[in-house]
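Engineer: Task: produce atomic coordinates for the following.
(chains A and B)
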Amino acid sequence: MVYDNDVRSTNSAGVYAEGLGKRFGELWALRNVHLMAPAGTVLGLLGHNGAGKTTALRILTTLATPTEGRATVAGHDVVADGAQVRERIGVAGQAATVDGLLTARANLEMVGRLYHLSRNDARRRARELLERLELAGDADRLVKTYSGGMRRRLDLAACLVASPPVLFLDEPTTGLDPYSRNQLWELLKDHIRGGATVVLTTQYLEEADRLADEIVVLDHGKVAARGTPSELKARIGGERIVVTMSRRDELARAHGALDPFLEAPAVEEPEPPRLIAPVRPGTRLVEIVRALDAAGLEAIDVQRREVTLDDVFLMITASSRAAAASEAA
Amino acid sequence: MTARYLLADSLVMARRNLAHVRQIPEKLLDVTLQPLMFVLLFAYVFGGVIAIPDGSYREYLIAGVLVQSLSFGIMGPATAIATDLGEGVVDRFRTLPMSRAAYLCGHVLAELAASALGITILLGAGLIVGWGIHSDVPHAIAGIGLILLLSFSMVWLGTLLGLVVRSPDSAQGMVFLIVFPMTFLASTFVPLDGLTPLLRGLASWNPVSTLAAAIRELFGNPIGMPAEPAWPLLHAVPIAVGWALLVLALSIPLAIRRFRTRTTG
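Structural biologist: Residues are numbered from 1 along each chain as shown, chains lettered A, B, ... in the order given. Got it, this is the predicted structure:
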């Protein structure tokens, strides 16, 4: 395997991984994964639970060693040069958390000291971040009394203490209510646009879309797709209209009737018989109902929804099946 | 690179553990209040019916409670480590540019401080109820040294235990199950000659008896030596030191190795 030394030397603050693999017993949690986040960009790792996101992050943050492949963070190899890597990264989320038996302030000051800031700098930095993340009022409360949203903000603060050039955020908003999630996204945007290189994992398509420059979709430890959010959206379409029919044999005709509105072929699901249709932006539900009516079809249900991670996977697997079929033909 | 920061980082870690004690002072009960209760219980309730051939019971008692308290000192470090590992906080430390050994070093430092506090309280209480050091200065210093060595080895043994068990609760359960009978089936509270021959045999070879006898010998307290003493009791001091060194030689490398495998995937 050729290792690109030029990229490594010219992008010393970036994150690069080549052929990364991690095996637990018989199971490959991660296999042949290439990642590239040049300095100052945000890479989103998107996938379900168990897709390998956290494993990838644990390797990149030196918490785990890869079974195969190699990775550099900020110009240093994560295996051979872990100590150098750790001086240049900040980690937040489920991969590394805060101490519930300390106050928020004590947590941040401790982390600052462990980055080897002077006592005064650690204190000043803790105060600054508590202000910025709107935790100043609760700074001297024990963290175990914090709500989920406050804890995530403190996690984020902890990874920002030493202003490291590379940040790793492991599912920063998983489990938060929509309000807290939005609030955290705004904070994240502010901080990651400050020039840091960021690798973040998420199960939410919307999160990757809002924060990442480049998205890698992981499925069962392998890269299922990659691209910029707009490239991926172009492939998977913006929104879905779900049409439920009463009989399975009506699906093909319904698919035909919807054709003028589709950005890409719809996914046909047998049980219950329904079409998940990626429609052009601006398509109205009433147009769909009329088109079905004109074809002499009666739908049980027609509804609109946002694209989910499941749609991405359906689309990817559908297109790879189609590619395999055309190759075979 | 990171070795330079070992001391500073260890102190940061130790301060963290001590801050935990400030939040949950109950954590210190097993090394502070519990031995005091045993002193009071045995000095004033049971002591009257226990006769020591070569001196007063209260002079005899303190070294026994001390060894029991040191043995229960396994619990603190075990639960502290098991609790940390159950949360993600150790992972946080391992992504920071701190010295890799600092987490365990800081933990041991904090536990030693807790143990020293417990020893001081216990010996203070001993002085009040009528215990004293009756040997010369070198022996007295050797006695204090032996106590600190034992405390150090128990902290490491507890650390190893905390790294092996699945949860803080199971650490607590195991310590109780093993340490409790061990510290009673020994010369801790009663002289060995008061026991039936079978129990006397077991108790004579129990390391707890050896440790108690060694401390009594170094402090010039009554030993309550049986009429036909077993071999370990005749050489209590070197054997006690041997036990402590053996525990250290096994538990330090095993704990470090276990810590590595538990925290690196």
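Engineer: For the spatially most central residue of chain B, which three-state class applies?
Structural biologist: Nearest to the mean C-alpha position of chain B, by Cα atoms, centre = their mean, lies residue B:70 at 2.2 Å. For residue B:70, the assignment made with DSSP: H, G, I helix; E, B strand; the rest coil gives helix.
Engineer: which ones are touching it?
Structural biologist: B:115, B:119, B:147, B:150, B:151, B:154, B:211 (Cβ atoms under 8 Å, 6 or more residues apart in numbering or on different chains). Every residue, glycine included, has its C-beta placed from N, CA and C.
Engineer: can you check residue A:270 too?
Structural biologist: Residues near residue A:270 by Cβ under 8 Å, 6+ apart: A:248, A:251.
Engineer: Low-confidence regions, the chain specifically.
Structural biologist: Defaulting to chain A. A:1-11, A:95-96, A:237-238, A:318-329 (pLDDT under 70).
Engineer: that's the wrong chain, I meant chain B
Structural biologist: By pLDDT under 70, the low-scoring segments of chain B are B:1-3, B:265.
Engineer: Kindly report the residues of it close to chain A.
Structural biologist: Residues of chain B found near chain A (Cβ under 8 Å from any Cβ of the partner chain) are B:1-2, B:5, B:8-9, B:12, B:15-16, B:19-20, B:23-24, B:87-89, B:91-98, B:263-265.
Engineer: Show only the entries of the residues you listed found in helices.
Structural biologist: Counting by DSSP state H, those place B:8-9, B:12, B:15-16, B:19-20, B:23, B:89, B:91-94, B:263 in helices.
Engineer: Give me the buried entries from these.
Structural biologist: For these, a neighbour count by 16 or more other Cβ atoms under 10 Å in any protein chain shown gives the buried set as B:9, B:12, B:15, B:16, B:19, B:20, B:89, B:91, B:92, B:93, B:94, B:263.
Engineer: just to revisit the earlier point, let me know the closest of the contacts of residue B:70 to residue A:317.
Structural biologist: residue B:154 (57.9 Å; Cβ to Cβ).
Engineer: List the contacts of the closest one.
Structural biologist: The neighbourhood of residue B:154, defined by Cβ under 8 Å, 6+ apart, consists of B:70, B:71, B:73, B:74, B:115, B:247.
Engineer: In this structure the fourth one contacts residue B:172, no?
Structural biologist: Right, the one you point to is residue B:74. No - contact criterion Cβ atoms under 8 Å: residue B:74 and residue B:172 do not qualify, at 10.0 Å.
Engineer: So which of those two has more stuff around it?
Structural biologist: Using other Cβ atoms under 10 Å in any protein chain shown as the criterion, residue B:74 and residue B:172 rank with residue B:74 on top: 26 against 16.
Engineer: That one: what's it in contact with?
Structural biologist: Listed by Cβ under 8 Å, 6+ apart, the contact set of residue B:74 reads B:154, B:157, B:158, B:161, B:175, B:179.
Engineer: Leaving out chain neighbours, which residue sits closest to it?
Structural biologist: residue B:158 (3.8 Å; Cβ to Cβ, 6 or more residues apart in numbering or on different chains).
Engineer: can you tell me the helix or strand for that neighbour?
Structural biologist: Taking DSSP states H and E as the definition, residue B:158 sits inside helix B:137-164.
Engineer: And the helices in chain B?
Structural biologist: B:6-23, B:33-40, B:57-72, B:75-86, B:89-94, B:102-129, B:137-164, B:168-184, B:197-205, B:207-219, B:231-234, B:236-263.
Engineer: Of all these, which one comes closest to residue A:37?
Structural biologist: That would be helix B:89-94 among the helices of chain B, by Cβ to Cβ, at 21.4 Å.
Engineer: Show me how far that closest one is from its chain's centre.
Structural biologist: 28 Å (Cα atoms, centre = their mean, to the nearest Å).
Engineer: which residues sit against that helix?
Structural biologist: The contact list for helix B:89-94 (Cβ under 8 Å, 6+ apart) reads A:62-63, A:91, A:95-100, A:111, A:114, A:158, B:13, B:84, B:100, B:103, B:263.
Engineer: Return the subset of those residues lying in helices.
Structural biologist: Of those, the ones assigned to helices by DSSP H are A:111, A:114, A:158, B:13, B:84, B:103, B:263.
Engineer: Apart from its neighbours in sequence, what residue is nearest the fourth one?
Structural biologist: In this structure, residue B:13 finds its nearest non-sequential neighbour in residue B:106, 2.3 Å apart by Cβ to Cβ, 6+ apart.
Engineer: Distance check, the one you found against residue A:25.
Structural biologist: 33 Å (Cβ to Cβ, to the nearest Å).
Engineer: Who has more neighbours out of those two?
Structural biologist: Between residue B:106 and residue A:25, counting by other Cβ under 10 Å, residue B:106 is the more crowded of the two (24 against 6).
Engineer: Now for the more buried one: which residues touch it?
Structural biologist: Residue B:106 neighbours (Cβ under 8 Å, 6+ apart): B:9, B:10, B:11, B:12, B:13, B:14, B:15, B:16, B:17.
Engineer: ok, 7 Å please
Structural biologist: B:10, B:11, B:12, B:13, B:14, B:17 (Cβ atoms under 7 Å, 6 or more residues apart in numbering or on different chains).
Engineer: of those residues, closest to chain A?
Structural biologist: residue B:12 (4.7 Å; Cβ to the nearest Cβ).
Engineer: my read: the closest one touches residue A:113, true?
Structural biologist: Yes - if you go by Cβ atoms under 7 Å, residue B:12 and residue A:113 touch, sitting 4.7 Å apart.
Engineer: any idea whether the residue of chain A positioned farthest from its centre is helix, strand or coil?
Structural biologist: Seen from the C-alpha centroid of chain A, the residue lying at the greatest distance (Cα atoms, centre = their mean) is residue A:296, 42.6 Å away. Under three-state DSSP, the three-state class of residue A:296 is coil.
Engineer: my read: residue A:276 touches residue A:264, true?
Structural biologist: No - under the criterion of Cβ under 7 Å, residue A:276 is not in contact with residue A:264, lying 10.8 Å apart.
Engineer: who's more crowded, those two?
Structural biologist: Higher neighbour count among residue A:276 and residue A:264: residue A:276, with 19 against 15, using other Cβ under 10 Å.
Engineer: Mind listing the residues bridging to the more buried one?
Structural biologist: Taking DSSP bridges as the rule, residue A:276 bridges to residue A:242, residue A:267.
Engineer: Would you enumerate the residues in contact with it?
Structural biologist: By Cβ under 7 Å, 6+ apart, residue A:276 lies in contact with A:240, A:242, A:266, A:267, A:269, A:311, A:314.
Engineer: Check the gap between it and residue A:53 for me.
Structural biologist: 25 Å.
Engineer: try residue B:259
Structural biologist: Here residue B:259 is placed at a distance of 26 Å from residue A:53 (Cβ to Cβ).
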